[in-house]
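Student: got a structure for you, letters missing:
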């Protein structure tokens, strides 16, 4: 199993964001990736088979990204959030 470093703020923020934006039924986290020490990606699968990602930084700030944007768009979002999360 790969090592992950996910804070409680990241986990609770991703779950809260999912519930607020889409509800608490028919969705599940299918994977968590720690892209940087400050930003993690929560992969979500819908009951109808759709997928998207919720990105959370170490402070609990969240954004979402549709899967059709692709990995390049996800990498750009992760880097932008990482920069904001690590600014003094």
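Tutor: That came through fine. In this text, all values refer to a predicted model and were calculated from it rather than measured experimentally.
Student: contact partners of stretch 29-49?
Tutor: Here stretch 29-49 makes contact (Cβ atoms under 8 Å, 6 or more residues apart in numbering) with 3-6, 10, 14-15, 18, 22, 25-28, 51-58, 74-75, 78-79, 81-82, 85-86. Every C-beta, even on glycine, is put in place using the N, C-alpha and C of the backbone.
Student: Show the buried residues in those.
Tutor: 10, 14-15, 18, 27, 52-58, 74, 78, 81-82, 85 (16 or more other Cβ atoms under 10 Å).
Student: Grab the nearest non-local neighbour of residue 10.
Tutor: residue 56 (4.1 Å; Cβ to Cβ, 6 or more residues apart in numbering).
Student: my read: the one you found touches residue 64, true?
Tutor: No: assessed by Cβ atoms under 8 Å, residue 56 is found out of contact with residue 64, at 9.9 Å.
Student: which residues are in contact with both of the two?
Tutor: With Cβ under 8 Å, 6+ apart, residue 56 and residue 64 have common neighbours residue 17.
Student: Sort out which of the buried ones among the contacts of stretch 29-49 are in helices and list them.
Tutor: 10, 14-15, 18, 74, 78, 81-82, 85 (DSSP state H).
Student: Pick out the lowest-pLDDT one from those.
Tutor: Lowest pLDDT among those: residue 74, with 86.
Student: I appreciate the help and will end here.
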